[in-house]
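Trainee: show me how the following folds:
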Amino acid sequence: MLNAFLLLQVAAAAPPPPATHDALSYDITLVPADTGTHILGEVQTTWRLRSAGAVTAMLDSSPIVCITGQVGSKLIGSDAFQETDITGVTLPITKHNYLVTRADDVAPTIREAFHVAASGRPGPVLIDITKDAQQSSAEFDWDAAEPKMRGYRPDHRPAAAEYQKAISLIKEAKRPVILAGRGIIQSQAGQQVVAFAERTQTPIAMTLLGLGGVAASHELNLGMMGMHGEAWVNTAIQEADLLLAFGMRFDDRVTGNLKTYAPHAKKIHVDIDPAEINKNVRVDVALVGDLREVLVEMAPHVPATEHVDWLARINELKGDSAVRDIQNLPDNGHLYAAHVINDIWRETDGNAIVVTDVGQHQMWEAQYYKHNTPRSLITSGGLGTMGFALPAAIGAKIAKPDAEVWVVVGDGGFQMTMCELATVMQENIDINVAIINNGFLGMVRQWQEFFYEKRYAATPLVNPNFTKLAEAFGLTGITVTKRGEVVPAVRTARNHKGGVVIDFQVEQEDSVYPMVPAGADLHAMIRRPSPIVETAADA
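Mentor: Got it, this is the predicted structure:
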């Protein structure tokens, strides 16, 4: 007989130890679970639930299992002290959830929850366990607890006819573009995507969550698409005659105005979730299945192709773009966020795990830190959860203790969870925090500047002294105000063992360029007003 709380620990661990042990103690890594799954690619467990965390995991397809405690089963429905209908509250923001009222059901439910979270399109699963179920005992049989879910069939295989349609479109295409999403990372299909791109000489556009799935240094990787994507990437998508959407979902930040999105392109959509097919963008061929398996199946039938004129056209678009000219500007006494992030990239050789918050700095990071490996960028995409970065970075460091972890966070988002500096100090977590401090809620300010005649309402911030704040927590604090101080500060942080907070006081009213206004055509971008034009060699 095992206490149900021990059953929780045993059932969440794999493989299980013999049930004959006199004393059982099995650890579950208590890290911010969404981050753990980003880093490790495995289902993570959390004993604490924040609704924003569950929604973030749901929208970004992160497999996590959330375990919550409920009042005794006899008190449910009586408005007892601390009773909350947590399964009702979380039903729209989880892939599935359970209410467990008997100790006998704990182990089977835990095993089933992990299966549901990881299979098909990954997502968060919640288990709410009543107090009496936790405190009771039950016989534990690991084999008997194996999931048996009639009707749940998350694995899909495209029909042969669909493969033939897709291959025909690929053969006919003259201006193809691959749209690479997080599904590449989730299905570990990076190698297959690169092989496909090289064989067909097809350029690759990345979503925010897909960054790192294909090395940024690869010659066919164009960079990020969408609202704050590279200008040449968005224009290429609009001029393409075939879009191959690999593990992405055509969300509004990627497409802009759906009526004018890629008007000349046929569309092939490969995704494991059939609900995403034709949800936002009508496609010509749908291949529902695991991306890696689909590409392996299709590879022998795809002929080697060259698209010399198309690639030349894209290089021409690069040469006409000023999207990243700011990093080539001479030092005029102003410190720009682009300088900071690009210098961090150079100093770390692009090998760090970077965890961003949400806002302007998030987009600058995507533009100026070039990710060459999967799971090296951890960020909140679908929900845009401010306050995400610092606790997520703690989780990243615990999941990957030997990795160099950098937080890139705005001054607004940092203040939402800066209390976690206490955790950094208490647990001696070696992470570096780069605060992009522009004295505003920057992205909101940018919208107010562009679309509301600079009526800055509720966006200017009166910030604390972040350096003294770090020191108050027993950490190292550094203030940077000039371009020449960036690299020394980064090197100091990298050489220091323990948490370091760097307050980069950057230009206050800088904006992220290019920008596609909400609902505008993807090619109708607002460009940085600058006479300096980047060449293709600089891109």
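Trainee: identify the residues contacting the closest residue to residue 382 other than its chain neighbours.
Mentor: Excluding the flanking residues, the one nearest residue 382 by Cβ to Cβ, 6 or more residues apart in numbering is residue 59, at 2.6 Å. Every residue, glycine included, has its C-beta placed from N, CA and C. Neighbour list for residue 59: 381, 382, 383 [criterion: Cβ atoms under 8 Å, 6 or more residues apart in numbering].
Trainee: pLDDT weak spots in the stretch 1-150 of the chain?
Mentor: 1-42, 44-50 (pLDDT under 70).
Trainee: and with 90 instead?
Mentor: 1-54, 139-146, 148-150 (pLDDT under 90).
Trainee: please enumerate the helices of it.
Mentor: Per DSSP state H, counting those that start in this stretch, the stretch 1-150 of the chain carries helices over the ranges 4-12, 33-40, 51-59, 86-90, 106-118, 131-135.
Trainee: residues near the residue lying closest to residue 100 once chain neighbours are set aside, how many?
Mentor: Spatial nearest neighbour of residue 100, chain neighbours left out: residue 129 (4.6 Å); criterion: Cβ to Cβ, 6+ apart. A count of neighbours around residue 129, defined by other Cβ atoms under 10 Å, yields 26.
Trainee: wait, isn't residue 129 in contact with residue 102?
Mentor: No - using Cβ atoms under 8 Å, residue 129 is not in contact with residue 102; the gap is 9.8 Å.
Trainee: so residue 178 sits in a strand?
Mentor: Yes - Residue 178: assigned to a strand according to DSSP: H, G, I helix; E, B strand; the rest coil.
Trainee: list the contacts for residue 95?
Mentor: 58, 116, 117, 121, 122, 123, 124, 125 are the contacts of residue 95 under Cβ under 8 Å, 6+ apart.
Trainee: for residue 406, same thing?
Mentor: 344, 348, 352, 353, 354, 355, 393, 431, 432, 433, 434.
Trainee: domain-wise, how is this protein divided?
Mentor: 2-145, 160-319, 325-505 (automatic domain parsing).
Trainee: and the helices in the stretch 401-539 of the chain?
Mentor: Using DSSP H, counting those that start in this stretch, helices in the stretch 401-539 of the chain cover 411-417, 421-426, 442-451, 466-472, 486-495.
Trainee: now render the ones you listed as a markdown table, adding mean pLDDT and mean neighbour count.
Mentor: As requested, these are arranged in a markdown table below (pLDDT from 0 to 100; neighbours: other Cβ atoms under 10 Å):
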| stretch | mean pLDDT | mean neighbour count |
| --- | --- | --- |
| helix 411-417 | 97 | 23 |
| helix 421-426 | 97 | 17 |
| helix 442-451 | 97 | 19 |
| helix 466-472 | 98 | 17 |
| helix 486-495 | 98 | 16 |
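Trainee: looking at these, which is nearest to residue 85?
Mentor: In terms of Cβ to Cβ, the element of those nearest to residue 85 is helix 411-417, at 26.9 Å.
Trainee: contact partners of that closest one?
Mentor: 357-359, 386-391, 433, 435-442, 461, 463-464, 466.
Trainee: try 6 Å
Mentor: By Cβ atoms under 6 Å, 6 or more residues apart in numbering, the residues outside helix 411-417 that reach it are 357, 386, 387, 390, 391, 435, 437, 441, 461, 463.
Trainee: adding distance to residue 306, write the residues you listed out as TSV.
Mentor: As requested, these are arranged in TSV below (distance: Cβ to Cβ, whole Å):
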residue	distance to residue 306
357	42
386	46
387	48
390	47
391	48
435	47
437	48
441	48
461	52
463	54
